[in-house]
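A.B. asks: quick one, fold the following:
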Amino acid sequence: MKKKFASQTAPKLSWKNAILLAVTAALALFASPGFAADTTWKYDITDDWFISTNWDSGVPGPSSDAFINNGGTAYISPDAPMAEALSLTLGLNAGDSGTVEVLPEHGDLTVGDAIFVGKGGKGNLTQTFGTIISATASIASQTGSSGSATVDGTTTAWRVSGEADVGGTTTAAGGTGLLTVTNSGTVSAASVHVWNSGTLTGTGTVSVNSGSGTVAVDGTVAPSGTLTITGNLSFGEGANMSCNVSSTTVDNAQLSGAAALDGKLSVILNGFFTGDFTLLHAGGGLGTTTFRSYSFTYTGCLSPSIVYDRTNGNVILHVVSTCN
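C.D. replies: Below you'll find the model as predicted:
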C-alpha cells in the first residue's frame, strides 16, 4: 500500500496579514522600554538625567522629544553614557521653565534636531564639561520667553550643524536671550544670529562655518575680556557693541574675518587713564564701515574718541586728558 504524505508547504502571506504584522511590529517598538516619542521631566527637582523614573516615558533616546517644563533640572554627569534626544525643549510654554546642566567629568549630549532654551517660557542650559551636539539651537525662541546658555571652560564645546539663534529662531525675533561663551569654551555653528533682544558675551570662541560664516548682530555683543570670533561679524543698524576699559583690562573682540560695522559702540571707562586701546580687530578688514553712534561713560577730565585703523583692521579707543 502506498503511503500518502501531507504537504508541508507554508501558506502564503496575504497583503492584509503583512500589514497587520507591520502594524504589530511598530506598536511593539513604541511600547519597548528603549523608545519614547516624547518624554517629559516629572519633578521640580535637580537629579540625574539617566534615572528613568524622573521622566514620564523613560530616559530620552535618539528618537525622543524631551521636555523639561516644571522648574526641574536634569544634570548629565560623571561616568554616565552620552545623553541623547531627537529634540530638547526647556520651557515649552509661557510660565514653564527647565534647566539642563552638562557637568564634569564625562557629560555629553547629542540632539539630532533642535535645542530650545526657553521656547515659550524660561530655559537655562549650563555646560561646564564635554560636548553638546545639535542640528540647530534657539535661545529665547518666542516673544515673551527668556533663555540663557553658558558654555564655560576649556573642555567644553557646543557644535551646531545649522544656525544658532540668540533671542529668536531662524525665521523671527523672539524673547530675551543670552549666550555666554567663556573661559576658552567654544560654540561652533554654520551661522549665528543675535537678534535685537539677544546678547552674546564672554571670553571664549565662536566659530561660524569653519571661519567663512558670519555672526550677524541686531542685538548686543558684550565681550568680558577677549571674545574670539572665527569668521565674520556684521552689525545691524540697531546693534550695540558694549565694552568696559580700564588701564589694565580691555573688553574686545578679535575676528579672523571681516567686520561690517553699524549701530552703536558703548564704552565704559573705569578709572583715570590715557592711551590707545583696541576694542575690535578684524583680520579680514573693516572696509569703509563705521559705527553709527557712540556712547562714553567716564568720570574726571578725560576726552575719549574712536579711531579707525583700516590698515590693520582695528577699532581703537583713544583717550587723552583734559586736566590743566
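A.B. asks: in stretch 154-162, what counts as buried?
C.D. replies: Residues Thr155, Thr156, Ala157, Trp158, Val160 are the ones in stretch 154-162 that count as buried (16 or more other C-beta atoms under 10 Å). (C-beta placed from N, C-alpha, C; glycine too.)
A.B. asks: can you pull the phi/psi pair for the fourth one?
C.D. replies: Phi and psi for Trp158, reported as degrees, to the nearest 10, are phi -110, psi 110.
A.B. asks: who touches it in this structure?
C.D. replies: Gln127, Thr131, Ile132, Ile133, Ser134, Ala137, Ala149, Val151, Gly185, Thr186, Val187, Ser188 (C-beta atoms under 8 Å, 6 or more residues apart in numbering).
A.B. asks: any idea what the third one is bridged to?
C.D. replies: Following DSSP bridges, Ile132 is listed with bridge partners Leu109, Trp158.
A.B. asks: can you get me a residue count around it?
C.D. replies: 26 (other C-beta atoms under 10 Å).
A.B. asks: one more: Asp56?
C.D. replies: 12.
A.B. asks: is it true that it touches Lys42?
C.D. replies: Yes - assessed by C-beta atoms under 8 Å, Asp56 is found in contact with Lys42 at 5.3 Å.
A.B. asks: reformat the contacts of Trp158 as a markdown table; add pLDDT, secondary structure and distance to Gly95.
C.D. replies: Output for the contacts of Trp158, formatted as a markdown table (pLDDT from 0 to 100; DSSP: H, G, I helix; E, B strand; the rest coil; distance: C-beta to C-beta, whole Å):
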| residue | pLDDT | secondary structure | distance to Gly95 |
| --- | --- | --- | --- |
| Gln127 | 97 | strand | 25 |
| Thr131 | 95 | strand | 32 |
| Ile132 | 97 | strand | 26 |
| Ile133 | 98 | strand | 30 |
| Ser134 | 98 | strand | 25 |
| Ala137 | 98 | strand | 23 |
| Ala149 | 98 | strand | 20 |
| Val151 | 98 | strand | 27 |
| Gly185 | 98 | coil | 31 |
| Thr186 | 98 | strand | 33 |
| Val187 | 98 | strand | 29 |
| Ser188 | 98 | strand | 33 |
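A.B. asks: nearest to Cys323 among those residues?
C.D. replies: Closest approach to Cys323 among the contacts of Trp158 (C-beta to C-beta): Gly185, at 41.6 Å.
A.B. asks: would you check that that closest one makes contact with Ser207?
C.D. replies: No - here Gly185 lies out of contact with Ser207, judged by C-beta under 8 Å, at a distance of 11.4 Å.
A.B. asks: so which of those two has more stuff around it?
C.D. replies: Gly185 (23 against 20).
A.B. asks: which stretches of this protein have low pLDDT?
C.D. replies: 1-36 (pLDDT under 70).
A.B. asks: repeat the analysis, applying 50 as the threshold.
C.D. replies: Confidence mapping of the chain against pLDDT under 50 gives the ranges 1-13, 15-36.
A.B. asks: all helices for it, in order.
C.D. replies: Taking DSSP state H as the criterion, the chain contains helices spanning 15-31.
A.B. asks: how many neighbours does the nearest residue to Leu227 once chain neighbours are set aside have?
C.D. replies: Of all residues not flanking Leu227 in the chain, Ala253 sits nearest, at 5.0 Å (C-beta to C-beta, 6 or more residues apart in numbering). Neighbourhood size, Ala253 [other C-beta under 10 Å]: 24.
A.B. asks: what bridges to Ala253?
C.D. replies: The partner residues for Ala253, given DSSP bridges, come to Leu227, Leu280.
A.B. asks: so what's it up against?
C.D. replies: Contacts of Ala253 (C-beta under 8 Å, 6+ apart): Val221, Pro223, Thr226, Leu227, Thr228, Ile229, Leu233, Met241, Leu279, Leu280, His281.
A.B. asks: quick one: residues contacting the spatially closest residue to Gly147 that is not a sequence neighbour.
C.D. replies: Leaving aside its sequence neighbours, Gly147 sits nearest to Gly118 (C-beta to C-beta, 6+ apart; 2.9 Å). Taking C-beta under 8 Å, 6+ apart, we find Gly118 in contact with Leu90, Gly91, Asn124, Ile139, Ala140, Ser141, Ser145, Ser146, Gly147, Ser148, Gly175, Gly177.
A.B. asks: quick one: which of these sit in strands?
C.D. replies: Using DSSP state E, the members of the contacts of Gly118 that fall in strands are Leu90, Asn124, Ile139, Ser146, Gly147, Ser148, Gly177.
A.B. asks: gap between the nearest residue to Ile229 once chain neighbours are set aside and Cys243?
C.D. replies: Using C-beta to C-beta, 6+ apart and skipping the chain neighbours, the partner closest in space to Ile229 is Leu255 (4.8 Å). According to C-beta to C-beta, to the nearest Å, Leu255 and Cys243 sit 14 Å apart.
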